[in-house]
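[1] Below: sequence and its predicted model.
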Amino acid sequence: MEYPGVPTVRTVPTADLDPGARQAIRHLLDLAFDGGFDDHDWDHAQGGSHLLITHDGVPVAHGAVVQRRFLLGGRTLRCGYVEAVAVHPAWRRRGLASAVMTEAERLIDGGFELGALSASAAGRDLYLGRGWVVWQGPTAVLSPGGVVRTPEDDGGTLVRPVPGLDVTGELICDWRDGDVW
């Protein structure tokens, strides 16, 4: 049931996006990130679920949840990683990012052991206000050459708290091209 003033978020697997939809989403991301969204960033948002709010068929808000593997304390964790959260500049301050994150959190809570994201300075308050917490421990990546510390990402990785999660250990993400976090 839809309620007046509450945006409808559609969840669409990457495989179900036709080329026109992919192009429209990429255009939104390029616009929302003011040129700071590159091909690696786009690739990172593929292969999972896209969370879309549209107006007259055109995306005005987007987010994605993709699966990644993280290592923590000798365990492998199935992580729902949030990518490419953006709102068209003309549609900001209307609760659209919060609506997208509500759906992202539903997907994470129902299908993953951990939720994580790398917060931009502009988006950080949104996530902290929703209860996400800053990872306090060191970060690293499992690169083709082995585990490599990523000190530039310390303090920039946020996680969705789960009972018993110690946020002070070394959190190691899987390798990918571009920004690993």
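    Right, received. Where do you want to start?
[2] Give me the residue at the spatial middle of the protein.
    Nearest residue to the geometric centre of the chain (C-alpha atoms, centre = their mean): residue 82, 1.5 Å.
[3] got the CA positions of the longest strand seen in the chain in CSV?
    Scanning the chain for the longest strand, with DSSP state E as the assignment, gives strand 58-72. Provided in CSV are the C-alpha atoms of strand 58-72 (Å, rounded to 0.1, in the frame of the first residue of the first chain):
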residue,chain,number,x,y,z
VAL,A,58,13.2,8.8,-14.6
PRO,A,59,15.4,7.8,-11.6
VAL,A,60,15.6,10.5,-9.0
ALA,A,61,17.2,8.4,-6.2
HIS,A,62,19.3,5.3,-6.3
GLY,A,63,21.3,2.9,-4.1
ALA,A,64,22.7,-0.6,-4.5
VAL,A,65,23.4,-3.5,-2.2
VAL,A,66,26.0,-5.9,-3.5
GLN,A,67,27.5,-9.0,-1.9
ARG,A,68,31.2,-8.9,-0.8
ARG,A,69,33.3,-11.1,1.4
PHE,A,70,35.0,-9.7,4.4
LEU,A,71,37.5,-11.3,6.8
LEU,A,72,37.3,-10.5,10.5
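[4] quick one: the strands in the protein?
    10-13, 49-55, 58-72, 75-87, 114-118, 133-134, 139-143, 146-149, 157-160, 171-174.
[5] What lies in contact with the shortest one?
    Right, the one you point to is strand 133-134. Where contact means C-beta atoms under 8 Å, 6 or more residues apart in numbering, the residues beyond strand 133-134 that reach it are 128, 155, 157, 158, 159, 161, 167. Any C-beta I mention is one placed from the backbone N, CA and C, and that applies to glycine too.
[6] Pairing partners for it, with directions?
    Strand 133-134 has the following strand partners under DSSP bridges: strand 157-160 (antiparallel).
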